[in-house]
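> got a structure for you, letters missing:
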């Protein structure tokens, strides 16, 4: 059953467990509800189109309607086709905000979704599997020829090595599954009956079976240790502990790609892009050498981050 109602229905209600979104036709504006014109009401919230899962799934479906033989990457897709994608998107969704704001958020999401389509298709080819029926034969053959080129093969090998951090096999970077980190954040908010902290979200999606104990790799374990150590240092200083500020410091803040490690698509719910104003640095007095200890922790973390370069997930690689 489609999650998008027919516009001829005056009152409609669908429930999708996968999306965890109740879609209703109502007279008041509510994100995720159905407008009187039959389109789903969406809104850009902290740079992301919401409800994000419904938007991203529909964006993907639309893209499969028109794939180009030379559309090897999002940058290679023609301006006309990108415009087609957005115009089709407008047939399913409605918003109150300025078109430019929505378009920027849509473009960012579309870029990630298109990259996922190409990645999944290439994986099928590498595994000698047949392409999805949604991909036309002319498109498939053209993409395969591109993937065979020495230039692409070299670039692909470098990127795979970066994602694996030099290991022979890629390791999971989160335990959130197909649900975005924003979905998990919403679940935690419902569970705790309050807004979760950034650390609680991180802990939830980086421990096995969400047990808050067994971290999935050394990197995530290191961040946890940094967080705990910083909290201990603050306690020694008799300073208040702001979990969001402490976590921000524990992961080293925004990296060069403007990403706060470990939060995926929920990052902007806690930290403004490229700004540490809402996560000010933690300051210690000189007693107990806590400032020196903190600087050592930060230095160690920066080494970890450097070693982990290339493994950052695009919100959408699953996006967390």
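Sure, I can see it. For clarity, every value in this text was computed on a predicted model and none was experimentally measured. Residues are numbered from 1 along each chain as shown.

> So what touches stretch 90-101?
4, 29, 35, 37, 39-44, 55, 58, 102 (CB atoms under 8 Å, 6 or more residues apart in numbering). Heads up, the C-betas are built off the backbone N, CA and C, glycines and all.

> Please produce CSV containing the residues you listed, extended by distance to residue 156, secondary structure and pLDDT.
Listed next are these as CSV, based on distance: CB to CB, whole Å; DSSP: H, G, I helix; E, B strand; the rest coil; pLDDT from 0 to 100:
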residue, distance to residue 156, secondary structure, pLDDT
4, 36, coil, 56
29, 45, coil, 76
35, 43, coil, 90
37, 44, coil, 90
39, 39, coil, 93
40, 37, strand, 93
41, 40, strand, 94
42, 35, coil, 94
43, 37, strand, 93
44, 33, strand, 91
55, 29, helix, 93
58, 29, helix, 96
102, 33, helix, 95
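
> Out of those, the closest to residue 181 would be?
Checking the contacts of stretch 90-101 against residue 181 with CB to CB, the nearest one is residue 55 at 15.6 Å.

> Run a quick check on the closest one versus residue 42, I expect a contact.
Yes: using CB atoms under 8 Å as the test, residue 55 is close enough to residue 42 to be in contact (6.1 Å).

> which of those two has more neighbours?
Counted by other CB atoms under 10 Å, residue 55 and residue 42 do not tie: residue 42 has more neighbours, with 26 against 22.

> Quick check: closest non-adjacent residue to that one.
residue 93 (4.7 Å; CB to CB, 6 or more residues apart in numbering).

> Overlap of the contact sets of residue 55 and residue 42?
Contacts common to residue 55 and residue 42, judged by CB under 8 Å, 6+ apart, are 49, 93.

> related to what we said a few turns ago, weed out the non-buried ones from the contacts of stretch 90-101.
4, 35, 39, 40, 41, 42, 43, 44, 55, 58, 102 (16 or more other CB atoms under 10 Å).

> okay, among those, which ones form the most distant pair?
With CB to CB as the measure, no two of the buried ones among the contacts of stretch 90-101 lie farther apart than 4 and 44, at 19.5 Å.

> Where do the helices of the stretch 201-320 of the chain begin and end?
For the stretch 201-320 of the chain, the helices defined by DSSP state H, counting those that start in this stretch occupy 218-236, 243-250, 290-307.

> I meant to write the stretch 51-200 of the chain there.
52-65, 79-92, 99-126, 137-148, 150-163, 181-192, 198-205.

> Could you list every helix and strand that the shortest one packs against?
With contacts defined as 3 or more CB pairs under 8 Å, 6 or more residues apart in numbering; DSSP states H and E, the secondary structure elements packing on helix 198-205 are helix 181-192, helix 218-236, helix 243-250.

> mean confidence score for that helix?
Helix 198-205 shows a mean pLDDT of 90.

> Equivalent analysis for the fifth one, please.
Mean per-residue pLDDT for helix 150-163: 80.

> neighbours around residue 141, how many?
The number of residues packed near residue 141 is 12, by other CB under 10 Å.

> Look at it and report its pLDDT.
For residue 141, the pLDDT comes out at 95.

> Now do the same for the closest residue to it other than its chain neighbours: its pLDDT.
Residue nearest to residue 141 in three dimensions, not counting chain neighbours: residue 69, with 7.9 Å by CB to CB, 6+ apart. The confidence metric pLDDT takes the value 96 at residue 69.

> if we can go back for a sec, now, of the helices of the stretch 51-200 of the chain, which is deepest in the fold?
Most buried of those by mean neighbour count (mean count of other CB atoms under 10 Å) is helix 198-205; its value is a mean of 24.

> May I see the buried ones among the contacts of stretch 90-101 organised as a markdown table, with distance to residue 134 added?
Shown next, in a markdown table, are these (distance: CB to CB, whole Å):
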| residue | distance to residue 134 |
| --- | --- |
| 4 | 18 |
| 35 | 28 |
| 39 | 23 |
| 40 | 22 |
| 41 | 28 |
| 42 | 24 |
| 43 | 29 |
| 44 | 28 |
| 55 | 19 |
| 58 | 14 |
| 102 | 26 |
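
> Let me know the closest of those to residue 242.
For these, the nearest to residue 242 is residue 44 (27.2 Å; CB to CB).

> Can you name the residues bridging to the closest one?
Note on residue 44: beta-bridge partners by DSSP bridges are residue 49.

> Contact partners for it?
Per CB under 8 Å, 6+ apart, neighbours of residue 44: 50, 95, 97, 101, 102, 104, 105.
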